[in-house]
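> Would you be able to build a 3D model of this:
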Amino acid sequence: MVHVVHATHPDIIKRLKRAEGHLRNVIGMMQADRPCMDIVQQLHAVERAVAAAKKALVHDHIDHCLTHAVEDDAKTPQSAIEEFKEITKYL
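Numbering: from 1, shown residues only. Below is the predicted model of the structure:
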């Protein structure tokens, strides 16, 4: 399988960098003995940013890679279905 960079990858990278920034902030907050409520709120932001990036990547894969798999004469429709099942376990 050939790896292809999709147009949505830069947006996904931005989401992951946002999560990275939130996570660094959480570490700093813990080192500064900030209140637990503040820390957990930032951790929630990390989870949401990572989840949004994962969802965008899975949808991108479905939109592009699986479409090409269905159109590819070398693959069977069953193999495209199996690939779809495999990727959806990450949603």
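
> which residues touch Asn25?
Gln42 (Cβ atoms under 8 Å, 6 or more residues apart in numbering). (Glycine included, C-beta is placed from N, CA and C.)

> Beyond the one helix or strand it maps to, next helix or strand please.
In this structure, Asn25 is located in helix 9-31 according to DSSP states H and E. The element immediately downstream of helix 9-31 (helix or strand, assigned by DSSP H and E) is helix 36-60.

> Now that next one: buried residues?
Within helix 36-60, the residues that count as buried by 16 or more other Cβ atoms under 10 Å are 39, 42-43, 45-46, 49-50, 52-53, 56-57, 60.

> give the contact list for Cys36.
Counting by Cβ under 8 Å, 6+ apart, Cys36 has no contacts.

> And for His61?
Going by Cβ under 8 Å, 6+ apart, the list of residues near His61 reads Ile87.

> Need the pLDDT of it.
If you check His61, the pLDDT there is 82.

> what's the distance between it and Lys54?
Per Cβ to Cβ, to the nearest Å, His61 is found 11 Å from Lys54.

> Likewise for Asp33?
32 Å.

> which one of the buried residues of helix 36-60 sits closest to Leu91?
Among the buried residues of helix 36-60, Leu57 lies closest to Leu91 (Cβ to Cβ), at 10.6 Å.

> Need the CA coordinates for the helix holding Asn25. PDB is fine.
C-alpha atoms of helix 9-31 as PDB (Å, rounded to 0.1, in the frame of the first residue of the first chain):
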ATOM      1  CA  HIS A   9      -3.200  16.200   7.000                       C
ATOM      2  CA  PRO A  10      -2.000  19.800   7.700                       C
ATOM      3  CA  ASP A  11      -5.300  20.500   9.600                       C
ATOM      4  CA  ILE A  12      -4.800  17.200  11.600                       C
ATOM      5  CA  ILE A  13      -1.200  18.300  12.400                       C
ATOM      6  CA  LYS A  14      -2.600  21.600  13.700                       C
ATOM      7  CA  ARG A  15      -5.000  19.800  15.900                       C
ATOM      8  CA  LEU A  16      -2.200  17.600  17.300                       C
ATOM      9  CA  LYS A  17       0.000  20.600  17.900                       C
ATOM     10  CA  ARG A  18      -2.900  22.200  19.800                       C
ATOM     11  CA  ALA A  19      -3.100  19.000  22.000                       C
ATOM     12  CA  GLU A  20       0.600  19.100  22.500                       C
ATOM     13  CA  GLY A  21       0.400  22.700  23.700                       C
ATOM     14  CA  HIS A  22      -2.500  21.800  26.100                       C
ATOM     15  CA  LEU A  23      -0.500  18.800  27.400                       C
ATOM     16  CA  ARG A  24       2.600  21.000  28.100                       C
ATOM     17  CA  ASN A  25       0.300  23.400  29.900                       C
ATOM     18  CA  VAL A  26      -1.000  20.600  32.100                       C
ATOM     19  CA  ILE A  27       2.500  19.600  33.100                       C
ATOM     20  CA  GLY A  28       3.400  23.200  33.900                       C
ATOM     21  CA  MET A  29       0.200  23.500  35.900                       C
ATOM     22  CA  MET A  30       0.900  20.400  37.900                       C
ATOM     23  CA  GLN A  31       4.500  21.600  38.600                       C
END
